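> no sequence for this one, just the structure:
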């Protein structure tokens, strides 16, 4: 068998264009649709200071995946791109299940990684097909609590330059990796997936078909493990309880981190920007329609004049107005091809 060289072959990179190109008659194309009148939610308090700071934001790619399926979704809260959907043919499914069966004997980690290396060197297997095969192997490893194998696959995937979200947010047999780890009650695998996630979104994984959160899955897995082996019920309960404690603590830390980042962003809004936005809010006189219209037009004007200023104003609006008002402003800007972050 061929030896594994520490990482998969590097992937090719490409360029994507997000949004529509700006035209000279850009502003004239704005057509504000009538909206139902609803009261404005209270403005979030802002603490202004004289200090400034920079905020670096990683944007998700809107590029199509290698199987030409579009990653676009209805607009809503920003989220990382979805992982790979594993839809292998029967021959490759059999290959993976023979390599890592759900039950029976264990194939060594070295053997599995060598087989992965052999598949990679197979000229008849496309790069995307190879990724899907590895994703299925990854899911099988999670199902059977193969923590060292899970660790090796994540490491090799990252060293190969592949997008880690493709792997840790992949879907196989109707499940996500975090769902598999929670069902088996693997504290190490749960920790590894959480540590590998650049956004914290794996903690909010929901079963695609059953609408179960990872805490729901964890409880179901715990009950199943206890019923399956009553003699070791105490050990199983302790294992799953540790998983639950880690997940809840990680969720709390993630929320605290987001709140801190939001507060830091709010604290650097200049008095001039605050005064401008407050003036628009006051002029709207409780009408969310008027507020959204005026904020949208203000941002379009700024975008055509100075994109840097429009970005600063956009961030100030986000930190000032109610989230539902901001989301509608953001959506209407996108309708005109304006992407601000």
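Yep, it's here. Note that the structure is a prediction, hence the values are computed from the model and not measured.

> list the helices and strands whichever strand or helix holds residue 293 packs on?
Element membership for residue 293 (DSSP states H and E) is helix 288-305. Applying 3 or more CB pairs under 8 Å, 6 or more residues apart in numbering; DSSP states H and E, one finds that helix 288-305 contacts helix 271-284, helix 307-320, helix 323-335. (Glycine included, C-beta is placed from N, CA and C.)

> Of all these, which one is nearest residue 189?
Nearest to residue 189 among the helices and strands packed on helix 288-305 is helix 323-335 (33.7 Å), distances taken as CB to CB.

> Could you pull out the buried residues of that closest one?
Going by neighbour count (16 or more other CB atoms under 10 Å), the buried part of helix 323-335 is 325, 326, 327, 328, 329, 330, 332, 333.

> what does stretch 301-312 give?
Within stretch 301-312, the residues scored as buried using 16+ other CB under 10 Å are 302, 303, 310, 312.

> which non-adjacent residue is nearest residue 340?
residue 314 (4.1 Å; CB to CB, 6 or more residues apart in numbering).

> follow-up on the earlier one: what's the closest of the helices and strands packed on helix 288-305 to residue 87?
Nearest to residue 87, of all these, is helix 323-335, at 30.4 Å by CB to CB.

> Any idea how many residues pack against residue 238?
Using other CB atoms under 10 Å, residue 238 has 12 neighbouring residues.

> cool, residue 291 as well?
Look at residue 291: counted by other CB under 10 Å, it has 23 neighbours.

> Help me confirm that it comes into contact with residue 281.
Yes - here residue 291 reaches residue 281: they are 6.2 Å apart, a contact under CB atoms under 8 Å.

> just to revisit the earlier point, kindly present the helices and strands packed on helix 288-305 as CSV, with separate columns for distance to residue 129.
As requested, the helices and strands packed on helix 288-305 are exported to CSV (distance: least, CB to CB, whole Å):
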stretch, distance to residue 129
helix 271-284, 50
helix 307-320, 40
helix 323-335, 34
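
> among the ones you listed, which is nearest residue 249?
helix 323-335 (25.8 Å).

> where does the stretch 101-250 of the chain have low pLDDT?
Along the stretch 101-250 of the chain, segments meeting pLDDT under 70 span 104-105.

> that older thread, looking at the helices and strands packed on helix 288-305, which is nearest to residue 186?
Closest approach to residue 186 among the helices and strands packed on helix 288-305 (CB to CB): helix 323-335, 35.5 Å.

> Show me what the closest one is packed up against.
Against helix 323-335 (3+ CB pairs under 8 Å, 6+ apart) you get helix 288-305, helix 307-320.

> Distance from the chain centre to it, please.
From the chain centre to the centre of helix 323-335 is a distance of 20 Å (CA atoms, centre = their mean, to the nearest Å).

> mean confidence score for that helix?
What helix 323-335 shows for mean pLDDT is 87.

> before we move on, back to that, orientation of the helix holding residue 293 relative to helix 323-335 in degrees?
With axes from the mean of the first three to the mean of the last three CA atoms, to 10 degrees as the basis, helix 288-305 and helix 323-335 are set at 40 degrees to each other.

> for residue 242, what are its contacts?
Under the criterion of CB atoms under 8 Å, 6 or more residues apart in numbering, the neighbours of residue 242 are residue 187.

> how about it, phi and psi?
phi -60, psi -40 (degrees, to the nearest 10).

> Kindly report the same for residue 176.
According to degrees, to the nearest 10, residue 176 has phi -100, psi 160.

> In space, what's closest to it - neighbours in sequence excluded?
In this structure, residue 176 finds its nearest non-sequential neighbour in residue 205, 4.9 Å apart by CB to CB, 6+ apart.

> Pull the distance from the helix holding residue 293 to the chain's centre.
Its chain's average C-alpha position is 29 Å from that of helix 288-305, according to CA atoms, centre = their mean.

> pLDDT (mean, whole number) over that helix?
Throughout helix 288-305, pLDDT has a mean value of 90.

> by how many degrees do that helix and helix 307-320 diverge?
160 degrees.

> if we can go back for a sec, nearest to residue 162 among the buried residues of helix 323-335?
For the buried residues of helix 323-335, the nearest to residue 162 is residue 330 (30.1 Å; CB to CB).

> Okay, that closest one and residue 148: tell me how far apart.
Note on residue 330: its distance to residue 148, by CB to CB, to the nearest Å, is 44 Å.

> again with residue 199
From residue 199 to residue 148 the distance is 26 Å (CB to CB).

> who's more crowded, the two?
residue 199 (15 against 10).

> would you say the more buried one is within a helix?
No - if the criterion is DSSP: H, G, I helix; E, B strand; the rest coil, then residue 199 is coil and not within a helix.

> State the phi and psi torsions of it.
Dihedral angles for residue 199 - degrees, to the nearest 10 - are phi -120, psi -10.
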